[in-house]
Structure formats: structure tokens, C-alpha cells
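Visitor: with the input below, show me the fold.
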Amino acid sequence: MDTPHPVDRPDADWFNPPESAVRDGDALVVTTRERSDFWRTTGYGFVRDDGHALLAPLPDGTAAEVTFLAAFDALYDQAGLMVRVDERTWTKAGVEMSDGVPHLGAVVTRDVSDWSLAPVPDWHGRLVTVRASRSGDALTVRARCEDGPWRLVRYAPLDPGAAALAGPFCCSPERKGLRVRFTAFTLGPADASLHAPGI
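Guide: Residues are numbered from 1 along each chain as shown. Here you go, the predicted model:
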């Protein structure tokens, strides 16, 4: 990955600025606005595109990593990494509170959203890193807790010609005031293979 940057790196811009985003050393502490979310149609019949994301270019052959810490306590509190082409084409992946337990999951949206989750109760209150690697027509999303092993979260299609952006995201669909401490946001080369033991 590249040389570490402060999270509010100069090549990134906010999509839907949060209630606040305050530097604390090299970290960025973000506070969500009320009932912010990213979702498109499936099941609920509504489109929400007012979550918060700090996005930088993610060309083919590169990967983005985001590390964060948050005290998730309300239903659907969430934070992680977003890859976005436009309002109909995006992926978000990270930790989300559901049924009272933190879950590792992803939403892949191609006109409509889908959603996958797996409980990770032992990740509560610990540093989590999410990595999205773009290569050819595929986006590989991995995550890990602290120095634990990488887990494959999603392998999804992404048009190789699309102009995509990536970076940290957070939202709180049921409330306001979720605070997320983003400690790293780095860009670098894409992963060598889907099953590479190292990144």
C-alpha cells in the first residue's frame, strides 16, 4: 500500500458530508447525520443515498484499505469502505449492527441492492480493516479484525471501464450521532490473486 496518509487525504472528497469530521492526529472522527443510509429499492421499496463517504479515485489495478473503530449500538449502525461508480452502481462493506450483534457484511448494488451478513461478535469495539481490490472486471473485498487473518467478504462484478471511487463510509439509518474513528485510508496495488495468502 502507499505511504500512510491522514484519513482526510487531499485526493478525496466527501459524498454527503457528515454532521462533523474532526482530525485527531492522523485519525478522522466522523459523526453521522440523522437516519443516513445507502440502499436501493430491494424489499423496502425506497432509495436512500444520503450516507457519508470520503472518496478518492480507484482505477483498475488498485486497492483501497480503510481501518476504523466504532461503538455500534443501534440497529443498522455501520461503517467500512465504499466503492462507488454512481447512484445505481456501488458496493459498501464493513461492520453493521443487526439483531444486537455486530456483523461483517456487504451490500452490492447494480440498479437494486442485495445484502449479505455474518455475525462477528468478537469484533465489537476492536479495530477493523476492510480492503477492496479492483482487477479487470472484478472487485474483491476482504476484511480482518486487528492483526487477524483476512476473510473474503465478497467477490463482485465491476465494469473494467467504469470510473470508480473508493474510501471510508458510515451511516446510521435509525438515528443520528454514530461516531466512527477512521485511523487509516490507503491506496496501493491490487491483490495478486483471489486466494493469495498475502496481500
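Visitor: and the nearest residue to residue 15 once chain neighbours are set aside, what is it in contact with?
Guide: By the measure of CB to CB, 6 or more residues apart in numbering, the closest residue to residue 15 outside its immediate chain neighbours is residue 53, 4.6 Å from it. Every residue, glycine included, has its C-beta placed from N, CA and C. The contact partners of residue 53, by CB atoms under 8 Å, 6 or more residues apart in numbering, come to 14-16, 38, 82, 84, 167-169.
Visitor: could you redo the last one with a cut-off of 6 Å?
Guide: Applying CB atoms under 6 Å, 6 or more residues apart in numbering to residue 53 gives the contacts 15, 82, 169.
Visitor: separation between it and residue 100?
Guide: Using CB to CB, to the nearest Å, one obtains 26 Å as the distance from residue 53 to residue 100.
Visitor: so, low pLDDT: which residues of the protein?
Guide: For the chain, residues meeting the criterion pLDDT under 70 lie at 1-6, 196-199.
Visitor: ok, now which residue in it is the farthest from the centroid?
Guide: Largest separation from the mean C-alpha position in the chain: residue 45, at 23.1 Å (CA atoms, centre = their mean).
Visitor: check which helix or strand it maps to.
Guide: Using DSSP states H and E, no element contains residue 45; it sits outside every helix and strand.
Visitor: so which residue is dead centre in this structure?
Guide: Centre of the chain computed as the mean C-alpha position; nearest residue by CA atoms, centre = their mean is residue 81, 1.5 Å away.
Visitor: isn't residue 21 up against residue 30?
Guide: Yes: the criterion here is CB atoms under 6 Å, and residue 21 meets it with residue 30 at 4.9 Å.
Visitor: these two: who's more crowded?
Guide: Just comparing residue 21 and residue 30: by other CB atoms under 10 Å the higher neighbour count belongs to residue 30, 27 against 17.
Visitor: what's the following helix or strand after the helix or strand harbouring the more buried one?
Guide: Secondary structure here is read from DSSP H and E; on that basis residue 30 sits in strand 27-31. Sequence-wise, the next helix or strand downstream of strand 27-31 (DSSP H and E) is strand 38-40.
Visitor: helix or strand right after that following strand?
Guide: Strand 38-40 is succeeded, C-terminally, by strand 47-49 (DSSP H and E).
Visitor: so what touches that following strand?
Guide: Contact partners of strand 47-49, identified using CB under 6 Å, 6+ apart, comprise 37, 39-40, 87.
Visitor: if you set the cut-off to 7 Å instead, what comes out?
Guide: The set of residues external to strand 47-49 that reach it, using CB atoms under 7 Å, 6 or more residues apart in numbering, is 37-41, 87.
Visitor: can you give the distance of it from its chain's centre?
Guide: For strand 47-49, the gap between its own C-alpha mean and the chain's C-alpha mean amounts to 16 Å (CA atoms, centre = their mean, to the nearest Å).
Visitor: partner strands of it and their direction?
Guide: Sheet neighbours of strand 47-49, with direction, are listed as strand 38-40 (antiparallel) (DSSP bridges).
Visitor: how near is residue 13 to residue 50?
Guide: The separation that residue 13 has from residue 50, given CB to CB, amounts to 16 Å.
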